[in-house]
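Participant: Sequence and predicted structure below; questions after.
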Amino acid sequence: MNFHAPHIDYGALSPVLALTVGLCVVLLTAVFKALRRTAPFLSLLTLGTAAGLLIWQWGDATELVSGALRLDDLAISISLIAILTAAFAVLFSIREPAAEQVGSGEYHALLLGSVLGMVLLSQAQNLVSFFIAIETLSIPLYILCAANMRREKSLESGLKYLIVGSLGSATLLYGMSFLYGGSGSTDFSGIAAGISQKGILGDPLILVGIGMTAVGLAFKTSIAPFHQWTPDVYEGAPTPITSFMAVATKAAAFAVFVRFFDVALAPQANEWQPALAVLAALSIVIGNVGALGQDSLKRLLGYSGIAQAGYILAGLVVASEAGVNALVFYLAGYAFMNLAAFAVVIARERETAFGDDIRALRGLGAERPLLAWPLTISMLGLAGLPATVGFIGKLYLIEALVEGDYTWLAVFIAVGTMISLAYYLRVVAAMWMGTESAKSVPAIAGASPEADPIDAEAGRRIYLVAPALLAAVGVVFFGVIPQPLVEFAEHAGASLF
């Protein structure tokens with residue numbers, strides 16, 4: 001009996017290989033004392049190389065490793081969003097106490113490991129590669145959430161995320177086993193063929209498998225009612241890691257969400273669309289209402305992320321190319337909006353005694369306009385006001401929903417947007433209408449655990465101000481001239497349908 005090894009396209013796998021090699025090199029900097037300070041630079045170099053190799057593959061559609069992975073424009077677009085978010089997180093992690101405590105090499109290697117999982121997850125079209133990728137994504141994040149070992153909330157965050165994430169992964173794996181048993185295949189195309197023969201309602205194994213897999217993915221994307229872990233984990237984790245999780249994890253999980261439902265379950269779309277529509281509506285309501293009473297900016301952005309997940313899920317509900325286009329467009333815009341916000345939150349954590357409390361923003365407009373404007377633009381974008389990418393993204397989603405006969409869900413988006421104005425504008429008011437300044441306070445007893453006396457004195461750290469301004473420019477630019485981002489998203493949708 002002859003063994004035939006699968007054909008491996010190393011050119012198409014080059015982004016994955018670049019991330020793997022870069023991860024190993026960054027980890028080695030932890031061994032050599034003289035190289036420890038190079039970890040952030042090497043991480044950015046690795047991410048830039050992987051991004052370049054992905055762009056090089058743009059427009060191609062290649063089956064990899066016997067069909068377990070597929071490199072197409074959907075995978076590339078989602079991978080680029082994850083890599084962009086990771087690059088910002090590397091900059092945010094300069095002078096981060098968590099990175100110093102666990103070691104810069106180990107910290108950045110874990111970050112790159114999670115990015116590697118996200119890139120693989122965006123390409124997965126097989127249940128085995130799907131599960132391996134989502135665990136490769138998740139395990140480094142469990143550790144990174146608890147990386148600030150001198151803070152009780154960080155350790156609590158890591159433990160909560162580990163427990164809930166493990167529960168989500170177990171549910172996901174159990175659902176996959178039912179799907180395999182009901183369809184006789186682990187490939188998404190094979191599952192689609194098996195469902196076409198029996199129908200979702202024709203085999204209890206398939207029905208239970210779909211339900212449990214959807215629940216597992218809902219845990220990963222913070223979709224209500226499987227969102228309970230999100231505010232606590234966001235608040236407790238080191239803020240650079242929170243910023244990374246808030247965007248990149250959603251992007252990668254929604255990529256496989258799209259492939260699973262629009263490929264593997266496409267034959268029975270009419271059966272699962274109503275259930276996902278209800279989840280989207282629940283997320284929009286629960287996320288926006290939950291954010292109303294929050295004083296912690298990280299918890300507020302956590303609840304906001306639950307609502308935003310509902311908006312993004314609406315793009316999947318319609319099961320059409322227009323829906324996927326809107327989903328990818330909104331994910332890209334969400335990256336710019338969230339990163340601008342988190343850059344300012346990190347800056348104020350390090351400059352004031354109030355940590356991520358909204359009081360840290362008092363008087364920011366007069367004291368630090370270069371930070372106040374990016375956060376203002378971010379809040380207006382997340383609220384979906386005109387001249388921002390958030391406004392265009394919501395219009396794009398509403399158009400796809402109306403075309404797909406889900407007008408009632410489009411109404412939920414409009415209502416959710418109106419509710420969100422209450423807490424987004426509260427943040428803006430704290431910056432521009434507060435008379436008392438939250439002036440920089442040294443990191444002494446009673447100060448914020450993240451407060452940095454050097455940052456407090458300098459107060460102009462370019463590694464935070466520049467990313468905040470850059471992300472804010474993206475929010476406005478793509479809100480006024482959305483066509484480049486529209487074309488970016490349309491390539492992703494066309495690669496699937």
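Facilitator: Perfect, thanks for sending it. Keep in mind the model is a prediction, meaning the values are calculated, not measured.

Participant: Following element in sequence after the helix or strand where residue 287 lies, please.
Facilitator: Secondary structure assigned from DSSP states H and E places residue 287 in helix 269-291. Once the chain leaves helix 269-291, the next helix or strand it forms, by DSSP H and E, is helix 297-317.

Participant: Now do the buried residues in whichever helix or strand comes after that following helix.
Facilitator: Where DSSP H and E defines the elements, the next helix or strand beyond helix 297-317 is helix 321-351. Within helix 321-351, the residues scored as buried using 16 or more other CB atoms under 10 Å are 321-351. Glycine gets a C-beta too; all of them are placed from N, C-alpha and C.

Participant: Quick one: mean pLDDT for stretch 343-361?
Facilitator: The predicted model assigns stretch 343-361 a mean pLDDT of 89.

Participant: before we move on, the earlier item: centre of the chain to the helix holding residue 287, how far?
Facilitator: Distance, stretch centre to chain centre, for helix 269-291: 18 Å (CA atoms, centre = their mean, to the nearest Å).

Participant: Show me what it is packed up against.
Facilitator: In this structure, helix 269-291 packs against helix 204-221, helix 297-317, helix 407-432, with contacts taken as 3 or more CB pairs under 8 Å, 6 or more residues apart in numbering; DSSP states H and E.

Participant: Phi, psi for the nearest residue to residue 215 once chain neighbours are set aside please.
Facilitator: Counting by CB to CB, 6 or more residues apart in numbering, residue 215 lies nearest to residue 171, which is 5.2 Å off, once chain neighbours are set aside. Here is the backbone geometry of residue 171 (degrees, to the nearest 10): phi -60, psi -40.

Participant: Likewise for residue 126?
Facilitator: Dihedral pair for residue 126: phi -150, psi 140, per degrees, to the nearest 10.

Participant: That one contacts residue 189, correct?
Facilitator: No - counting by CB atoms under 8 Å, residue 189 is not a contact partner of residue 126; they are 9.3 Å apart.

Participant: Show the model's pLDDT score for residue 391.
Facilitator: 94.

Participant: low pLDDT regions in the chain?
Facilitator: Residues of the chain meeting the criterion pLDDT under 70: 1-3, 5-6, 34, 198-202, 434-460.

Participant: Show me the strands in this structure, by range?
Facilitator: Shown for the chain, the strands assigned by DSSP state E span residues 62-64, 69-71.

Participant: want to throw the ones you listed into TSV with distance to residue 229?
Facilitator: Output for those, formatted as TSV (distance: least, CB to CB, whole Å):
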stretch	distance to residue 229
strand 62-64	33
strand 69-71	29
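
Participant: between the ones you listed, which gets nearest to residue 235?
Facilitator: Of all the strands of the chain, strand 69-71 sits nearest to residue 235, with 35.2 Å by CB to CB.

Participant: tally of neighbours for residue 490?
Facilitator: Residue 490 has 18 neighbouring residues, counting by other CB atoms under 10 Å.

Participant: hang on, it packs against residue 325?
Facilitator: Yes - Residue 490 is in contact with residue 325 according to CB under 8 Å; the separation is 5.2 Å.

Participant: picking up where we left off before, what angle sits between the helix holding residue 287 and helix 204-221?
Facilitator: 30 degrees (axes from the mean of the first three to the mean of the last three CA atoms, to 10 degrees).

Participant: quick one: contacts of helix 269-291?
Facilitator: With contacts defined as CB atoms under 8 Å, 6 or more residues apart in numbering, helix 269-291 is touched by 199-201, 210, 214, 218, 222-225, 227, 231, 261-262, 265, 300, 303-311, 313-314, 316-319, 406, 409, 412-413, 415-416, 419-420, 423.

Participant: from those, which would you call buried?
Facilitator: Among these, those classed as buried by 16+ other CB under 10 Å are 200, 210, 214, 218, 222-224, 227, 231, 261-262, 265, 300, 303-311, 313-314, 316-319, 406, 409, 412-413, 416, 419-420, 423.

Participant: Single out the most deeply packed of the strands of the chain.
Facilitator: Neighbour counts (mean count of other CB atoms under 10 Å) averaged over each of the strands of the chain peak at strand 69-71, with a mean of 25.

Participant: what does that one contact?
Facilitator: The contact list for strand 69-71, computed with CB under 8 Å, 6+ apart, reads 12, 57, 60-64, 120, 123-126, 129.

Participant: what about residue 14, how many neighbours?
Facilitator: The local packing of residue 14 (other CB under 10 Å) involves 18 other residues.

Participant: how about the residue lying closest to it once chain neighbours are set aside, what does it touch?
Facilitator: Once flanking residues are discounted, residue 14 sits nearest to residue 53: 4.6 Å by CB to CB, 6+ apart. Residues near residue 53 by CB under 8 Å, 6+ apart: 14, 15, 18.

Participant: Quick check: the gap between residue 53 and residue 72.
Facilitator: In this view, residue 53 and residue 72 are 15 Å apart by CB to CB, to the nearest Å.

Participant: repeat for residue 252
Facilitator: 15 Å.

Participant: who has more neighbours, those two?
Facilitator: residue 252 (30 against 23).

Participant: which residues does the residue nearest to the more buried one when sequence neighbours are not counted contact?
Facilitator: The shortest distance from residue 252 to any non-neighbouring residue, by CB to CB, 6+ apart, is to residue 118 (3.7 Å). Listed by CB under 8 Å, 6+ apart, the contact partners of residue 118 are 78, 79, 82, 133, 137, 248, 249, 251, 252.

Participant: Run a quick neighbour tally on the fourth one.
Facilitator: The criterion is other CB under 10 Å. On that basis, residue 133 has 24 neighbouring residues.

Participant: got a list of what the spatially closest residue to residue 494 that is not a sequence neighbour touches?
Facilitator: Nearest non-adjacent residue to residue 494, counting by CB to CB, 6+ apart: residue 321, 6.6 Å away. By CB under 8 Å, 6+ apart, the contact list for residue 321 reads 493, 494, 496, 497.
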